[in-house]
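Peer 1: Need a 3D model of the following:
(chains A and B)
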Amino acid sequence: KNEVEQSPQNLTAQEGEFITINCSYSVGISALHWLQQHPGGGIVSLFMLSSGKKKHGRLIATINIQEKHSSLHITASHPRDSAVYICAVRLLNTGTASKLTFGTGTRLQVTL
Amino acid sequence: DTAVSQTPKYLVTQMGNDKSIKCEQNLGHDTMYWYKQDSKKFLKIMFSYNNKELIINETVPNRFSPKSPDKAHLNLHINSLELGDSAVYFCASSPQTSFLGEQFFGPGTRLTVL
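Peer 2: Purely as a prediction, here's the structure:
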């Protein structure tokens, strides 16, 4: 079983819909990242969280450390949001190393 | 003004060959990483260097040898390539090794071993 689980694996939405992608993890972490991988393959870091909530444009990320759970929300979704969204956690006690453990990703397709 | 660059973008080669992938970052970051993304799109860390020093070495065959000539470069050399090495390899960098270091990814190198 992967230490980082994402749901759903695949998601299709219509333009304008509110989207939620979930990430659960089973280990102690010091930070959680949300990444976006474009259809062309490039990876962009969207958020890095250690507590609470962050917002950037139409994207909102939340984390609940006690429940070991994070969500990524996209408001007013658009076809250009179509991508794979990847949750990654930085484990506690990795010393000086900033090692990320990745979820399997959620493939989002937003249609007109 | 590319932040993290990799060359080549595509690499097609025969089994048994030796190949290298280069990575450079112009962000002034101290730490660089190599990740492998398999056919199921699952990313996994391979190596991490901090100021030219190896700090993470996951369970990777010793056919893979990273080399960091300076803190802006982290190259990946692969000996005796095997079919299972086919994947996309991503380089990344971060400004610090402490737990709040955001990572910046290169565009990836798609390696195909025939």
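Peer 1: Which parts of chain A are strands?
Peer 2: Applying DSSP state E to chain A gives strands spanning A:4-7, A:10-14, A:19-25, A:29-37, A:43-49, A:52-56, A:59-64, A:69-74, A:83-91, A:100-102, A:106-111.
Peer 1: Tell me the buried residues in the fourth one?
Peer 2: Spelled out, it's strand A:29-37. Within strand A:29-37, the residues that count as buried by 16 or more other CB atoms under 10 Å in any protein chain shown are A:29, A:31, A:32, A:33, A:34, A:35, A:36, A:37. C-beta: built from backbone N, CA, C; applies to glycine.
Peer 1: For it, which outside residues touch it?
Peer 2: Applying CB atoms under 8 Å, 6 or more residues apart in numbering or on different chains, the external contacts of strand A:29-37 come out as A:23, A:25, A:43-50, A:61, A:63, A:65, A:68, A:70, A:72, A:83-92, A:94, A:100, A:105, B:41, B:99-100, B:102-103, B:105.
Peer 1: Just the CA trace of that strand, in CSV.
Peer 2: These are the backbone C-alpha positions of strand A:29-37, laid out as CSV (Å, rounded to 0.1, in the frame of the first residue of the first chain):
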residue,chain,number,x,y,z
ILE,A,29,5.0,14.5,7.6
SER,A,30,6.7,17.9,7.8
ALA,A,31,5.1,19.3,4.6
LEU,A,32,2.8,18.4,1.8
HIS,A,33,3.1,19.5,-1.8
TRP,A,34,0.5,19.7,-4.6
LEU,A,35,2.0,19.5,-8.1
GLN,A,36,0.5,19.9,-11.5
GLN,A,37,1.8,17.9,-14.4
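Peer 1: Report the angle between that strand and strand A:106-111.
Peer 2: If you take axes from the mean of the first three to the mean of the last three CA atoms, to 10 degrees, strand A:29-37 sits at 40 degrees to strand A:106-111.
Peer 1: what's the angle from strand A:29-37 to strand A:83-91?
Peer 2: Put simply, strand A:29-37 runs at 160 degrees to strand A:83-91, going by the same axes, to 10 degrees.
Peer 1: Give the pairing partners of strand A:29-37; include direction for each.
Peer 2: Take DSSP bridges as the rule and strand A:29-37 pairs in its sheet with strand A:43-49 (antiparallel), strand A:83-91 (antiparallel).
Peer 1: Looking at the ones you listed, which is nearest to residue A:11?
Peer 2: Set against residue A:11 and scored by CB to CB, the strands paired with strand A:29-37 come closest in strand A:83-91, at 8.9 Å.
Peer 1: in the sheet, who's paired with residue A:101?
Peer 2: Here residue A:101 sits in beta bridges with residue A:89, as judged by DSSP bridges.
Peer 1: pretty sure it contacts residue A:88?
Peer 2: Yes. Using CB atoms under 8 Å, residue A:101 is in contact with residue A:88, at 6.5 Å.
Peer 1: Which is the succeeding secondary structure element to the host helix or strand of residue B:24?
Peer 2: Secondary structure assigned from DSSP states H and E places residue B:24 in strand B:19-25. Counting by DSSP H and E, the next helix or strand C-terminal to strand B:19-25 is strand B:31-37.
Peer 1: related to what we said a few turns ago, out of the buried residues of strand A:29-37, flag the one nearest to chain B.
Peer 2: Taking CB to the nearest CB as the measure, chain B lies nearest residue A:31 of those, at 5.5 Å.
Peer 1: List the buried residues for stretch B:57-67?
Peer 2: Neighbour-count burial for stretch B:57-67, with 16+ other CB under 10 Å as criterion, is recorded at B:60, B:64, B:66.
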